[in-house]
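[1] Predicted model and sequence below, questions to follow.
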Amino acid sequence: MFTIFVGLTPFVFITLLGFLFGRFKIFDLSHAKILNLFLYYVAVPALIIKFVAQSEIGQIDLKQIISYFLMQSICGIFTFIIASKYFKRPIPESIIWALTVALSNHVTLLLPISQIYFSEEVVTQVTSIILVDGVILLSLIAFFLELATKRNVQLIIFIKNIILNPMILSILIGVFLFVFNFKIYDSPIEYTLSTLALCVSPVGLFAIGIILSFHTDNVINKLTASISILKLLVSPLVLLLIGYVIFDAGLPQKIPGAFFVSVAPCGVTSIVLCSAYNVNPQNIIKAIFISTFASIGTIFFTIKYLSVV
């Protein structure tokens, strides 16, 4: 137990470090934006290219991916209804709230942790879910946001924007390298990709800390508390129920990768979409704040449980 706690402390301390640097005005939101742009356009694509190019398709467990995607759909739709009908939030904001619950902070937080504590097979399932989120979930959310804001959704332009999305483009590059059997092991390309990939977790967590430091007033309210509960407690239970009903896999150890992702905090992609669609991000940032620190407990106990079964 102590070993798990010690292993998680760097992720907590890096976030707190970013929080302190933001609190003392050494870094501000413009600096956090630059760090996130570096992650979005450079570091995360490098991580994805490296994984896809070196992946083993046979290791991908479809029952985990399907169970997780169904859970995301159910929880996302439920969140949209709660946000729009009960909390009376505008449609674009409600869509982003749905994404906040459906999408975990898996790239900057869970993937590095999974590489420390779990087998390569579990890491593969975690990364597969990340890829599915990048291709399907974010594309759907972008489409619905375009419709909700009454922009002219031209199919060709929409498809072009999706393909040129850095995450999706990196998946396509990785698939190209994999299909045509390009060997990048022990090459300058692999060393470059690996070095950039190592930046994802510390830079991402530091940026989250900076952002959170500017939104600490009235953090816990009905909306932010409800979203955090949906993300950290309801989502894993829905996942287990789906796994049990469809695949007879209703225990965490039967779908370890999917379950581990489900106990993670809200993803920070929602903040980026708030800027793009003129949605006030304050409550969304507060929900991320709550779920990030509360997830220390859910992640800790999940690692402990899965490591002893």
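    Yep, it's here. Numbering: from 1, shown residues only.
[2] neighbours around the closest residue to Ala32 other than its chain neighbours, how many?
    Among residues not flanking Ala32 along the chain, Ile210 sits closest, at 4.1 Å (CB to CB, 6 or more residues apart in numbering). Where C-beta positions appear, they are placed from N, C-alpha and C, glycine not excepted. When neighbours are counted by other CB atoms under 10 Å, Ile210 registers 26.
[3] Surely Ile210 is in a helix?
    Yes - assessed by DSSP: H, G, I helix; E, B strand; the rest coil, Ile210 belongs to a helix.
[4] my guess is it meets Phe27, correct?
    Yes - Ile210 is within contact range of Phe27, at 4.9 Å (criterion: CB atoms under 8 Å).
[5] Please identify every residue contacting each of those two.
    Common contacts of Ile210 and Phe27 (CB atoms under 8 Å, 6 or more residues apart in numbering): 18, 21.
[6] ok, back up a step: ok, the residue nearest to Ala32 - contacts?
    By CB under 8 Å, 6+ apart, the contact list for Ile210 reads 18-19, 21-22, 27-29, 31-32, 35.
[7] Same question for Glu190.
    Glu190 neighbours (CB under 8 Å, 6+ apart): 50, 184.
[8] measure it to Leu39 for me?
    As for Glu190, its distance to Leu39 is 20 Å (criterion: CB to CB, to the nearest Å).
[9] repeat for Pro236
    Pro236 is 26 Å from Leu39, by CB to CB.
[10] now the nearest residue to Asp61 once chain neighbours are set aside, what's its secondary structure?
    The shortest distance from Asp61 to any non-neighbouring residue, by CB to CB, 6+ apart, is to Gln125 (5.5 Å). Assigned state for Gln125: helix (three-state reduction, three-state DSSP).
[11] what about Gln125, how many neighbours?
    For Gln125, using other CB under 10 Å, the count is 26.
[12] any weak-confidence spans in the chain?
    1-5, 56-59, 150-155, 157-158, 161-162, 308-309 (pLDDT under 70).
[13] Which residues belonging to the helix or strand that contains Phe21 are considered buried?
    Using DSSP states H and E, Phe21 sits in helix 2-23. Buried residues in helix 2-23, counted by 16 or more other CB atoms under 10 Å: 4, 8, 11, 14-16, 18-19, 21-23.
[14] Tell me the one among those nearest to Val179.
    Nearest to Val179 among these is Phe11, at 34.5 Å by CB to CB.
[15] what about that closest one, distance to Phe19?
    Distance from Phe11 to Phe19, by CB to CB: 13 Å.
[16] again, but for Leu29
    Distance of Leu29 to Phe19, computed by CB to CB: 13 Å.
[17] Could you tell me which residues make contact with Val261?
    By CB under 8 Å, 6+ apart, the neighbours of Val261 are 68, 104, 106, 110, 126, 129.
[18] so can I have TSV of those showing neighbour count?
    Converted to TSV, the contacts of Val261 look like this (neighbours: other CB atoms under 10 Å):
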residue	neighbour count
Tyr68	27
Ser104	27
His106	22
Leu110	27
Val126	24
Ile129	25
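[19] Can you pick out the most distant pair from the residues you listed?
    Across the contacts of Val261, the longest distance by CB to CB is 12.4 Å; it joins Tyr68 and Leu110.
[20] just checking, next helix/strand downstream of whichever helix or strand Asn36 is part of?
    Assigned by DSSP H and E, Asn36 belongs to helix 29-38. Remark: after helix 29-38, the chain's next helix or strand is helix 44-53, criterion DSSP H and E.
[21] who does the next helix-or-strand element following that following helix touch, helix- and strand-wise?
    Downstream of helix 44-53, the first helix or strand assigned by DSSP H and E is helix 62-81. Helix 62-81 sits against helix 91-102, helix 120-132, helix 235-247, helix 256-262, with contacts defined as 3 or more CB pairs under 8 Å, 6 or more residues apart in numbering; DSSP states H and E.
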